[in-house]
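J.: The sequence and its predicted three-dimensional model are supplied below.
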Amino acid sequence: MRLSALALGTTLALGTTVGLAQAAPLDNEPLGARSAGPAAAPAIAAAPAAWAAGTRAYLVITAPGDTTAVRTAIASNGGSVFASYDAIGVIVAHSASASFAATMRGVSGVQKVGATRTSDVPADAYNPALPANPSQATAPTTEPVRSDMTQIKADQAWAVNKGSATVKVGILDTGVDDQHQDLAPNFNAADSVSCAYGKADTRVGAWRDVDQHGTHVAGTVAAAKNGKGAIGVAPGVKISSVRIAEPGTTLFFAENTVCGLVWAGDHGFKVTNNSYYTDPWQFNCPDNLDQAAILEGVGRAQAYAESKGSLQVAAAGNSNVDLANKTTDSSSPNDSTPVTRTLTNACLDIPAELPGVVTVAANGTSGTSKASFSNYGRDVIEVSAPGESVYSTVPGGKYASLSGTSMASPHVAGVAALLASANPAYTPADIRAKLGEQATDLACPSDARCTGTTAKNSFFGEGRVDALKAVGGSTPPAGAYFENLTDYAIADNSTVESPLTVSGVTGNAPAGLKVGVDIKHTYIGDLKVDLVAPDGTVYTLHNRTGSGTDNILQTYTVDASAEVANGVWKLRVNDNASQDTGRIDAWNLTF
């Protein structure tokens, strides 16, 4: 979410090195975001021929389905349709008329109308410039496991399941540097897009970062386990960039969020990370006509995405406020001149406080404290995760440490992706429930603001997420761990071997030798997979089962107690049919 990055101010969780990622003034991390129906691809009308000063953006809410009549009314009342999400009954309209909203509220079939900003729509909206594609720094040659990963047991989870490439995670943020050496292996360009200004822009590179926040978040979710720089919580899943921040301001307006969430639902994202709040209002209040439309439009988009199988994870914000006892807001609107206003608990930080969204608080560096900036709230916070001095990727092949609930949220999104990988049939509700059930309980510190029990309280919700439990593990893998991350191509009707040298282990291998296998291959019924011991003994792991299933991502147990541990072990893969090829992506041994 917009973090209070040591430099607070923007709507995102940005941050400088070891800075806070901003989410709306001190609320969320960079980017701190109802009805199911047919695919909601936007119907896009021709944009005005030229930008006009005074043009504002509006959400016009009507019944889901055919919005033709309302779109016609918009054009007849001084407006133009910029995008239309008919499946949820949300239209993005532009108008320079000060009376547009009031007039449209009297049109038959219109349920709500609200301005989404207090500033003009930028001219860039009609002919968006592509973000820069930065040159890349030399890749690091080390990849230390950081404390944030050990706190949530991600390092132990990797030995069991690093995540499935069939699981797609959407990074709704400032964009992602897809060329970064730690992100490129897992980046899914086909499902990446820019939703800045509220309309999908599928041009190559439109998804790239206009700041650094989104790239940092992406690395925490799924930086590759490749011996370079950093490792994400779920280094085997795929990530897609959905840029919802606008260049220059790096604000996340409601129409951008609606576009991003609908895109997530229509493109099969199992999880999305939302480290921001929907600008320009840190809290949207239902008694304000404009904000009521924002609540309805973004709420419908979230419900649509969830109905399509997508779980939204969101940062709680960085204002150190009690979300269960709201009083005032002096930071909104953040796109013009903020005013001080009185709040009630009906005023919501969105998407974090929308139904169905997993709301994440940030732990301090100890892993058992609340980060000083993190918002909190009884029955608002679902779970917590590390959020201080988190080391991850930034554009240009670089790395930085940032702080904020924006940094905590992607840890949870990564664990959610591991849950989805280990349990493909899980629904968003299933994953949401498991995140809480499997979390490590954290007791309240000596702080009167923390209320509740050790099992569930206002600072940590149901506790700090646990990646190891997400993949079905309960104890750390025992013994020494060895891994080969080099890719080996598997050609048709051929055999390939990937070697792994084991040293420093006394005596024989254990009776419960763990063999982790990550093979990318269509139609795994073609494959026979063997573990070959240093003396040549063959242990069969997989023998042409699985028919047309794609990929083998599994940990096998082998009784190798008759084998001397030290020496060169091999993973041998034999392809027994034509037409389907693949590669050994990685494999490991745990003694």
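T.: That came through fine.
J.: can you confirm Val412 is in a helix?
T.: Yes. Assessed with DSSP: H, G, I helix; E, B strand; the rest coil, Val412 lies in a helix.
J.: what's the distance between it and Tyr304?
T.: Look at Val412 and Tyr304: by CB to CB, to the nearest Å, they are 22 Å apart. In short, each C-beta sits where N, CA and C put it, glycine included.
J.: was I right about Asn345 contacting Val321?
T.: No. Counting by CB atoms under 8 Å, Asn345 sits too far from Val321 to count as a contact (11.8 Å).
J.: Looking at Val412 and Tyr304 now, which is surrounded by more residues?
T.: Ranked by neighbour count (other CB atoms under 10 Å), Val412 and Tyr304 place Val412 first, with 31 against 26.
J.: Could you double-check that the more buried one lies in contact with Val465?
T.: Yes. With contact defined as CB under 8 Å, Val412 counts as touching Val465 (5.3 Å).
J.: Need the residues touching each of the two.
T.: Val383, Ala385, Leu435 (CB atoms under 8 Å, 6 or more residues apart in numbering).
J.: Now flag whichever of the residues you listed is closest to Phe252.
T.: Closest to Phe252 out of the shared contacts of Val412 and Val465 is Ala385 (21.0 Å), distances taken as CB to CB.
J.: Pull the number of nearby residues for that closest one.
T.: Other residues close to Ala385 by other CB under 10 Å number 34.
J.: Repeat that for Thr337.
T.: With neighbours defined by other CB under 10 Å, the count for Thr337 comes to 7.
J.: so which strand or helix has it?
T.: Remark: Thr337 resides in no helix or strand, with elements defined by DSSP states H and E.
J.: I'd like the distance between it and Thr328.
T.: Using CB to CB, which is the criterion applied here, Thr337 is 16 Å from Thr328.
J.: Compare Asn345 and Val321 (neighbour count), which wins?
T.: Counted by other CB under 10 Å, Asn345 and Val321 do not tie: Val321 has more neighbours, with 23 against 15.
J.: Backbone torsions only: list them for the spatially most central residue of the chain.
T.: Closest residue to the average C-alpha location of the chain: Asn273 at 2.7 Å, with CA atoms, centre = their mean. Reported as degrees, to the nearest 10, the phi and psi values for Asn273 are phi -110, psi 130.
J.: With His94 instead?
T.: The phi/psi pair for His94 (degrees, to the nearest 10) is phi -120, psi 140.
J.: and if you look at Asn161?
T.: phi -160, psi 120.
J.: Contacts only, for the closest residue to it other than its chain neighbours.
T.: In space, Asn161 comes closest to Val471 once its chain neighbours are excluded; the distance is 4.0 Å by CB to CB, 6 or more residues apart in numbering. Residues near Val471 by CB under 8 Å, 6+ apart: Ala157, Val160, Asn161, Leu418, Leu419, Ser421, Ala422.
J.: next one: Arg572
T.: Neighbours of Arg572 in contact, by CB under 8 Å, 6+ apart: Thr495, Val496, Glu497, Val529, Asp530, Leu531, Val532, Val538.
J.: And the furthest pair within those?
T.: Val496 and Val538 (15.0 Å).
J.: Compare these two (neighbour count), which wins?
T.: Between Val496 and Val538, Val496 has the larger neighbour count (other CB under 10 Å), namely 16 against 11.
J.: Confirm that one sits in a helix?
T.: No. Counting by three-state DSSP, Val496 is not part of a helix but strand.
J.: Verify the stated contact: it with Val573.
T.: Yes. Using CB under 8 Å, Val496 is in contact with Val573, at 5.4 Å.
J.: Overlap of the contact sets of the two?
T.: Taking CB under 8 Å, 6+ apart as the contact rule, Val496 and Val573 both touch Tyr488, Ile490, Ile584.
J.: Quick one, which of those are buried?
T.: Among these, the ones that count as buried by 16 or more other CB atoms under 10 Å are Tyr488, Ile490, Ile584.
J.: any idea which of those is the one closest to Ser401?
T.: Distances from Ser401 to those, taken by CB to CB, are shortest for Ile584, at 33.7 Å.
J.: and the gap between the residue lying closest to the closest one once chain neighbours are set aside and Thr501?
T.: Nearest residue to Ile584, sequence neighbours excluded (CB to CB, 6+ apart): Tyr488, at 4.2 Å. Tyr488 sits 15 Å away from Thr501, going by CB to CB.
J.: Tell me where the stretch 301-450 of the chain has helices.
T.: 405-422, 428-437 (DSSP state H, counting those that start in this stretch).
J.: Give me the distance between the first one and the centre of its chain.
T.: Read that as helix 405-422. 7 Å (CA atoms, centre = their mean, to the nearest Å).
J.: May I have that helix as CSV, with CA atoms only?
T.: The C-alpha trace of helix 405-422 is given here as CSV (Å, rounded to 0.1, in the frame of the first residue of the first chain):
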residue,chain,number,x,y,z
THR,A,405,2.3,-2.9,4.5
SER,A,406,2.9,-2.8,0.8
MET,A,407,5.9,-5.1,1.4
ALA,A,408,3.9,-7.3,3.8
SER,A,409,1.0,-8.0,1.4
PRO,A,410,3.1,-9.7,-1.3
HIS,A,411,4.4,-12.2,1.3
VAL,A,412,0.8,-13.2,1.9
ALA,A,413,0.1,-13.3,-1.9
GLY,A,414,3.1,-15.6,-2.3
VAL,A,415,1.8,-18.0,0.4
ALA,A,416,-1.6,-17.9,-1.2
ALA,A,417,0.0,-18.9,-4.5
LEU,A,418,1.7,-21.8,-2.7
LEU,A,419,-1.6,-22.9,-1.3
ALA,A,420,-3.1,-22.8,-4.8
SER,A,421,-0.2,-24.7,-6.2
ALA,A,422,-0.5,-27.5,-3.6
